[in-house]
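J.: Show me how the following folds:
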Amino acid sequence: MAELSPPHPSDLVFVIGKGHDSIEGDEFGIMRWDPVTREESLIGRFPMRPRAMLASLEDKLYLIGGLDSSKQPTKIVNSYCTSDAELWEEGFLSVGRAYVTGACSLKEILVCGGWGGNGDQSLSSCEVFESTQNRWTSMPSLKMARSSCGVVWMPDGRVFVIGGYAGGGVYINSVEMTTREWSSEGAAAGVWRNVAGMLTARTVFAAVVVQGLVIVAGGYTTDQELLSTVELFTPPAASDPQAIGQWISMQPMPLPMWCLAGVTSGETVFVFDGESSKIQRFRPSVANTQWSASAGFANWIWDEEVSLKLLNNYNHPIVFK
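T.: Coordinates of the predicted model:
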């Protein structure tokens with residue numbers, strides 16, 4: 001059994017958005033938030049590109065795609081070095097993407113789907129950024145096009161793309177899985193295959209990994225009703241091509257919200273609201289509770305956490321560094 005812990009003292013969250021007096025109209029502020037002390041500090045700026053993705057590798061934050069000044073998807077990728085505060089333009093995406101989501105391994109950034117500017121239709125293409133080569137390369141396309149989905153990349157190499165919006169008013173509950181090496185660059189990726197779908201179709205939601213399981217929270221569904229529902233996914237083993245895993249319902253969040261992101265620190269999950277600066281927290285009800293597969297999350301609770309002060313109207317991505 002593993003001992004559950006409160007937020008880890010070395011973890012930091014980075015948020016981008018508007019709201020601070022010093023941020024110009026064409027800029028996003030970059031804010032660093034400490035989940036232990038709750039301290040906020042403005043550390044830099046990115047060009048303002050709504051509906052972009054934020055990712056983190058080593059000492060760099062990456063702003064990927066998003067909408068340009070004419071509200072069209074862009075291929076541009078910028079990086080901000082947290083150690084020397086330098087802003088750079090990195091290699092371009094193969095196609096413009098907005099409402100794009102993805103995940104990071106130790107060496108790479110994966111982006112999946114998004115909106116490419118073609119009417120109301122989402123993208124199925126995927127690509128990966130190899131940081132040492134400073135280049136984007138294509139991966140096999142998803143079986144179903146989707147934007148504003150959830151993506152998790154596990155340390156054992158399993159990648160899951162969850163839910164999202166297909167276009168044409170179609171919201172998705174389906175989940176796709178592939179494998180790609182977690183700790184190195186340039187490994188071959190398998191084709192995507194369908195696994196068990198969520199109980200509720202949803203988009204713009206939080207997806208996090210805790211104890212090898214996937215938690216999804218919030219978002220909105222076909223009638224654009226905000227959700228407070230939470231689901232837990234037990235993933236299939238990568239070695240069993242027939243296994244599909246299983247979803248079950250969990251205790252809901254106190255407040256419905258469309259969630260820009262969820263992050264974990266120690267064994268505490270923080271979920272960030274997309275319409276306000278509120279944060280909800282999912283944690284063991286008693287500190288240092290012993291995790292067990294039989295008890296699962298039965299002794300965990302949701303509560304309302306702090307509200308961010310320096311930024312509001314923040315953009316889609318929030319990421320740990």
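J.: can you pull out the strands in the stretch 51-200 of the chain?
T.: In the stretch 51-200 of the chain, strands defined by DSSP state E, counting those that start in this stretch lie at 53-57, 60-64, 77-81, 87-89, 101-104, 108-112, 126-130, 135-139, 150-153, 158-167, 170-179, 193-195, listed in chain order.
J.: and these as CSV, adding mean pLDDT?
T.: Formatted as CSV, the strands of the stretch 51-200 of the chain follow (pLDDT from 0 to 100):
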stretch, mean pLDDT
strand 53-57, 90
strand 60-64, 94
strand 77-81, 94
strand 87-89, 90
strand 101-104, 93
strand 108-112, 96
strand 126-130, 94
strand 135-139, 92
strand 150-153, 96
strand 158-167, 96
strand 170-179, 96
strand 193-195, 97
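J.: May I see those arranged in JSON lines, with distance to residue 285 and mean neighbour count as well?
T.: The way it works is simple: take the backbone N, C-alpha and C, and place the C-beta from them, glycine included. Below are those laid out as JSON lines (distance: least, CB to CB, whole Å; neighbours: other CB atoms under 10 Å):
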{"stretch": "strand 53-57", "distance to residue 285": "30", "mean neighbour count": "22"}
{"stretch": "strand 60-64", "distance to residue 285": "34", "mean neighbour count": "24"}
{"stretch": "strand 77-81", "distance to residue 285": "38", "mean neighbour count": "20"}
{"stretch": "strand 87-89", "distance to residue 285": "43", "mean neighbour count": "12"}
{"stretch": "strand 101-104", "distance to residue 285": "29", "mean neighbour count": "24"}
{"stretch": "strand 108-112", "distance to residue 285": "35", "mean neighbour count": "25"}
{"stretch": "strand 126-130", "distance to residue 285": "39", "mean neighbour count": "21"}
{"stretch": "strand 135-139", "distance to residue 285": "41", "mean neighbour count": "16"}
{"stretch": "strand 150-153", "distance to residue 285": "25", "mean neighbour count": "23"}
{"stretch": "strand 158-167", "distance to residue 285": "27", "mean neighbour count": "24"}
{"stretch": "strand 170-179", "distance to residue 285": "29", "mean neighbour count": "20"}
{"stretch": "strand 193-195", "distance to residue 285": "31", "mean neighbour count": "15"}
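J.: Serialize those to TSV and add fields for distance to residue 223.
T.: Listed next are the strands of the stretch 51-200 of the chain as TSV, based on distance: least, CB to CB, whole Å:
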stretch	distance to residue 223
strand 53-57	26
strand 60-64	30
strand 77-81	35
strand 87-89	40
strand 101-104	22
strand 108-112	25
strand 126-130	29
strand 135-139	33
strand 150-153	20
strand 158-167	13
strand 170-179	9
strand 193-195	25
